[in-house]
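Asks: Next come a sequence and a model predicted from it.
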Amino acid sequence: MNHIQMLYNGKVYQGAVAYEGAELMELSMEKPVPYKGGDAVLCFDFKRRRRMRILRGSGNKLIVAPEESEIFRINAQPEQTNEDLLLDDDMMFESFKLNVFGTISEDFRTLAVRFVDICRLGFGFEIDDFSVKLNHVYDTMIFCDEETIHPKLIVRYVHIMEKTIRYGAEIHKISAKDLNKLRYFIAAKQFAGA
């Protein structure tokens, strides 16, 4: 294991790199770090220095991702107007495959859906139901392994496919805790090659 130092909240912590990939790094620290998910840190050794953000931790272990990673661009966009959504067709954003189940709800009606992917613009999901309304806010529940997250989504796009209907929804509101769970889930799925 390579030794590494981590600067966090003005304090330097000693540790080692247990795993390093392009989008994820696992650190084994000498002492537990009192962290908050999403906080910025500076990781450095004698050859390099890299700005990272904390995804998750347990005891002396921390999972961090590069600060410039696309998963940190995924966020709620409640102030967007329809004009903001008219993007240049040549703009491409990195998309992460999900393939997880969840629900969307309005009033007293709940529909089971399959969330297929996510990018900085929001979630893509599929369902065999035409009753999902465009430009409408839905409460959702998304299963991320053993945990669930509960963002509010606004459906902005629909595409009728051969066997299903694909919807695109932007994130209207999500708690910081759920956003950290989602980011960790995405990074872990990419690491596992799922």
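Replies: Structure received.
Asks: what are the ranges of the helices in the protein?
Replies: Remark: helices assigned in the chain by DSSP state H are 82-85, 176-192.
Asks: shouldn't L7 be in contact with R49?
Replies: No: proximity of L7 to R49 does not meet the contact threshold set by Cβ atoms under 8 Å, at 9.2 Å. For the C-beta atoms, the positions are set from N, CA and C on the backbone; glycine is no exception.
Asks: so what's in contact with these two at the same time?
Replies: Shared between the contact lists of L7 and R49 (criterion: Cβ atoms under 8 Å, 6 or more residues apart in numbering) are residues L42.
Asks: Neighbour count for these two, which is higher?
Replies: For L7 against R49, the residue with the higher neighbour count under other Cβ atoms under 10 Å is L7, and the figures read 15 against 11.
Asks: can you pull the contacts of R183?
Replies: Contact criterion Cβ under 8 Å, 6+ apart gives 38, 55, 65, 71-72, 74 as the residues in contact with R183.
Asks: next one: I63
Replies: 24-27, 54-57, 184, 187.
Asks: Please report how far it lies from A16.
Replies: Between I63 and A16 the distance, using Cβ to Cβ, to the nearest Å, works out to 14 Å.
Asks: And H150, by the same measure?
Replies: According to Cβ to Cβ, H150 and A16 sit 36 Å apart.
Asks: same check, this time on D128
Replies: Here the criterion is Cβ to Cβ. By it, D128 lies 50 Å from A16.
Asks: next one: F130
Replies: Separation of F130 from A16 (Cβ to Cβ) stands at 54 Å.
Asks: Just want to know which of those two has more residues nearby.
Replies: In this comparison of F130 against A16, neighbours counted by other Cβ under 10 Å, the higher total goes to A16 at 14 against 8.
Asks: How much space separates the spatially most distant residue from the centre of the chain from K31?
Replies: Using Cα atoms, centre = their mean, the residue of the chain lying farthest from its centre is F46. It sits 31.2 Å away. In this structure, F46 lies at 21 Å from K31, with Cβ to Cβ as the measure.
Asks: ok, now H136?
Replies: In this structure, H136 and K31 are separated by 49 Å, where distance is defined by Cβ to Cβ.
Asks: tell me the pLDDT at M91?
Replies: Confidence per residue is given as pLDDT, and for M91 that number is 64.
Asks: again with A22
Replies: Reading off the per-residue confidence, A22 sits at a pLDDT of 74.
Asks: Could you give the number of residues near it?
Replies: 10.
Asks: how does this protein divide into domains?
Replies: The domain map for the chain lists 2-68, 71-192, with the assignment taken from automatic domain parsing.
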